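# Give me coordinates for this.
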Amino acid sequence: MEEFVGQLWHRLVTRHSQSEYLDAQVKLSEVAHQLAPYYRAMGGAPGKLIEGTPARRINTRRRLRDQLAGTQKRFPLSWQDERSLRLPKSIACFPSQELNETLYYWLTAMAAHQPVIRHWFLDNQQVCQQILQRYPGLKLVYAQLVESVIDLRDQWYRFDGAELEREQAIRSALLNPGSVANLPRAPREPLPVPLWLYPEPLHAVAIAADEVLDDKSESNSAGPQDLKQAERKTATRIDDCRETDGLMVFQLASLLSWTEQVAVDRCQDEDTDDDGSKAVEDIDVISLARQRRAGAAKVKFDLDLPAAENDELPLGEGIRLPEWDYRKSKLIENYCLLQPFLADQTVPAQVPNALKNSARCLRNRFSMLRPQRQWQWRQPVGDELDLSAYIDSLTQPEQKVEGQDLFKSRAAVGRELSCLLLADLSMSTDVALTEQQRVIDVIRDTLLLFAEALSGSGDRFAIYGFSSVKNKQVRYHLLKNFAEAYSDQTRGRILAIKPGFYTRMGAAIRQSTAILKIQKTQQRLLLIVSDGKPNDIDHYEGRYGVEDTRQAILEAKQQGLLPFCVTVDDKAGDYLPYLFGAQGYAMVSDVQRLPQLLPKLYLNLTGAIS
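Numbering: from 1, shown residues only. Here you go, the predicted model:
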């Protein structure tokens with residue numbers, strides 16, 4: 001009964017304290033794919049992501065009903081850092097859904113023109129003034145937003161004293177940006193302004209600086225992620241060193257203890273993922289210890305890499321490669337160590353029975369591309385006399401017979417084409433599609449059918465796979481190189497691939513470029529198969545990974561290569577156009593169709609460039 005009454009009271013109080021129009025709510029997930037190109041078109045950084053922002057605690061005046069309901073303590077404030085633009089996960093400030101959506105676009109335009117907010121009151125006025133001067137067509141939209149915001153603030157509570165003076169200054173700044181130079185002081189923080197951007201949280205600055213300076217900092221574990229959570233939490237590093245560590249400040253005899261065994265079922269203690277994800281949702285700032293490492297995470301990291309006797313054969317001592325740091329706008333030389341591997345313990349294999357029909361059809365179809373022997377006319381030496389050239393030499397006596405090309409020969413004329421297929425073998429490929437099939441199984445079938453098809457065409461091709469563990473080991477798996485013929489041994493290597501670790505794509509692309517650029521063919525295609533964006537367990541995620549990958553792709557294009565990406569990531573439209581260009585990638589919505597689609601895509605690409 002008490003619980004029932006409590007639920008009724010909670011519903012009653014929260015309903016009266018509700019200040020949002022949920023019927024007109026617009027979610028960030030619904031407009032994010034439109035905001036990304038809009039942000040870039042307005043001058044924003046191309047590699048920056050758009051993500052949800054966690055609610056931030058604001059010490060502002062609250063109404064009595066809000067205090068009873070415990071609401072209006074936190075507000076989703078818009079801000080950005082070097083990595084991403086953080087916008088509210090949903091907006092329901094106004095009764096009009098169109099106006100709520102317009103607010104997303106206005107905040108995006110603000111962020112594109114003002115990457116860093118240092119002085120909240122002055123910077124927002126300045127950027128509003130710049131946008132309205134540069135885009136006069138937005139004046140009407142801005143006026144509607146300001147009018148709605150002022151109406152919203154009128155409904156909040158009555159301001160008085162110093163708060164009234166400050167509120168009047170904020171409204172004047174909204175109505176006429178750039179007209180107010182000073183913000184009057186008041187006891188509490190001002191009511192949030194939905195139209196303005198806010199500075200980056202100090203906690204986020206602290207954690208970013210700490211990760212750059214401290215190479216030994218641990219990253220989040222690579223466990224399952226909650227896909228429903230579209231926001232990123234702020235964090236701060238703390239020194240987990242206590243002056244009392246090691247001191248016993250109580251008598252051990254005073255501890256109470258059990259004298260009998262108590263049967264307690266603690267099986268749920270092993271499942272920390274659900275509890276941790278729930279805790280993350282409730283915590284505003286996540287504190288990470290500098291000194292004390294999580295034991296389980298450290299053990300997992302140590303066990304990630306297989307023992308030397310169980311690992312593939314390393315080829316050489318590794319290759320030092322550079323990495324692009326967009327924050328410094330420079331290549332950091334010898335930053336990554338790429339280690340080539342060869343699966344020397346695999347056994348030769350035939351095409352699996354399930355793929356034999358598809359492989360035979362592809363070989364027959366691609367065999368039509370094999371070089372055909374054709375006559376080469378007017379050759380200095382050859383198989384037969386070129387009668388046409390001989391007659392011309394007789395009918396044109398003024399020309400010298402010496403040095404004329406009077407023969408013809410038959411020669412195979414093939415396509416001047418080389419292709420390197422680079423496959424993403426990260427741990428994300430271990431995701432199950434059905435009870436019997438994983439993503440890695442589809443990639444395995446794709447590589448095998450692709451190799452069967454190109455073995456029929458006679459085109460020069462190589463196949464490599466990659467994954468990574470930080471910059472210290474980018475694992476580069478040799479499945480087939482350009483020098484060896486396609487055989488049962490090669491087929492056995494392809495069938496033996498398995499999920500690896502993470503996706504440091506820039507280093508893998510640079511090594512593939514180095515291999516492909518020395519091929520003496522007229523056209524060189526770098527074909528990349530991936531299931532997600534570049535990432536690793538250090539700072540190589542988000543914008544950093546995207547910018548390094550983009551730089552590696554630009555380097556490949558400068559070498560005369562044609563990079564093209566095929567992905568099964570349904571969110572790839574947010575970053576692949578920036579990486580490969582509008583015509584440089586293809587998205588496969590049905591993962592299981594990838595083995596049949598990749599050879600067809602190869603035909604289209606090689607037909608266009610040959």
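
# which residues in the stretch 101-250 of the chain form strands?
Secondary structure of the stretch 101-250 of the chain (DSSP state E, counting those that start in this stretch): strands located at 234-238.

# sorry, that was for the stretch 451-600 of the chain
460-469, 473-480, 523-530, 562-567, 585-587.

# Is it possible to get JSON lines of those that adds distance to Leu313 and mean pLDDT?
Quick note: C-beta positions are derived from backbone N, CA and C, even for glycine. Below are these laid out as JSON lines (distance: least, C-beta to C-beta, whole Å; pLDDT from 0 to 100):
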{"stretch": "strand 460-469", "distance to Leu313": "15", "mean pLDDT": "95"}
{"stretch": "strand 473-480", "distance to Leu313": "10", "mean pLDDT": "95"}
{"stretch": "strand 523-530", "distance to Leu313": "24", "mean pLDDT": "94"}
{"stretch": "strand 562-567", "distance to Leu313": "29", "mean pLDDT": "95"}
{"stretch": "strand 585-587", "distance to Leu313": "33", "mean pLDDT": "94"}
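
# Of all those strands, which one comes closest to Leu338?
strand 473-480 (4.3 Å; C-beta to C-beta).

# what helices or strands is that closest one leaning on?
Packing contacts for strand 473-480, counted by 3 or more C-beta pairs under 8 Å, 6 or more residues apart in numbering; DSSP states H and E, involve strand 330-342, strand 460-469, helix 488-495, helix 505-516.

# Contacts for the third one, please.
The one in question is helix 488-495. 342-343, 346-352, 444, 447-448, 451, 463, 478-480, 484 (C-beta atoms under 8 Å, 6 or more residues apart in numbering).

# for stretch 129-140, same thing?
In contact with stretch 129-140 (C-beta under 8 Å, 6+ apart) are residues Trp106, Ala109, Met110, His113, Tyr142, Pro177, Gly178.

# at 10 Å what do you get?
The contact list for stretch 129-140 (C-beta atoms under 10 Å, 6 or more residues apart in numbering) reads 42-43, 102, 105-106, 109-110, 112-114, 128, 141-143, 145, 176-179.

# filter those to the buried ones?
Neighbour counting with 16 or more other C-beta atoms under 10 Å marks 42, 102, 105-106, 109-110, 112-114, 128, 141-142, 145, 177 as buried within the contacts of stretch 129-140.

# could I get those residues as JSON lines with distance to Val193 and pLDDT?
Output for the buried ones among the contacts of stretch 129-140, formatted as JSON lines (distance: C-beta to C-beta, whole Å; pLDDT from 0 to 100):
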{"residue": "Met42", "distance to Val193": "20", "pLDDT": "91"}
{"residue": "Thr102", "distance to Val193": "16", "pLDDT": "94"}
{"residue": "Tyr105", "distance to Val193": "17", "pLDDT": "95"}
{"residue": "Trp106", "distance to Val193": "12", "pLDDT": "94"}
{"residue": "Ala109", "distance to Val193": "16", "pLDDT": "94"}
{"residue": "Met110", "distance to Val193": "11", "pLDDT": "94"}
{"residue": "Ala112", "distance to Val193": "18", "pLDDT": "93"}
{"residue": "His113", "distance to Val193": "17", "pLDDT": "92"}
{"residue": "Gln114", "distance to Val193": "14", "pLDDT": "88"}
{"residue": "Cys128", "distance to Val193": "11", "pLDDT": "94"}
{"residue": "Val141", "distance to Val193": "16", "pLDDT": "93"}
{"residue": "Tyr142", "distance to Val193": "13", "pLDDT": "94"}
{"residue": "Leu145", "distance to Val193": "11", "pLDDT": "94"}
{"residue": "Pro177", "distance to Val193": "12", "pLDDT": "93"}
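
# Filter the contacts of stretch 129-140 down to the ones in helices?
Mapping the contacts of stretch 129-140 onto helices (DSSP state H) picks out Thr102, Tyr105, Trp106, Ala109, Met110, Ala112, His113, Cys128, Val141, Tyr142, Ala143, Leu145.

# Please tell me how far the fifth one sits from His33.
Taking C-beta to C-beta, to the nearest Å as the criterion, Met110 is separated from His33 by 20 Å.

# re earlier: of the strands of the stretch 451-600 of the chain, which is nearest Pro88?
strand 585-587 (27.9 Å).

# Enumerate the positions of the closest one that are buried.
Tyr585, Ala586.

# What strands line up against that strand, and which way round?
Strand 585-587 has its sheet partners listed here by DSSP bridges as strand 562-567 (parallel).

# Now do the strand it pairs with against helix 505-516: the angle between them, please.
Between strand 562-567 and helix 505-516, the angle comes out at 140 degrees (axes from the mean of the first three to the mean of the last three C-alpha atoms, to 10 degrees).

# Model confidence for Phe501, exactly?
Phe501 carries a pLDDT score of 93 in this model.

# who touches Ala582 in this structure?
Leu576.

# Oh, that last question was meant for Lys356, not what I typed.
Gln350, Glu452.

# can I get the helices and strands packed on strand 473-480 in JSON lines with distance to Lys533?
As requested, these are exported to JSON lines (distance: least, C-beta to C-beta, whole Å):
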{"stretch": "strand 330-342", "distance to Lys533": "18"}
{"stretch": "strand 460-469", "distance to Lys533": "14"}
{"stretch": "helix 488-495", "distance to Lys533": "25"}
{"stretch": "helix 505-516", "distance to Lys533": "8"}
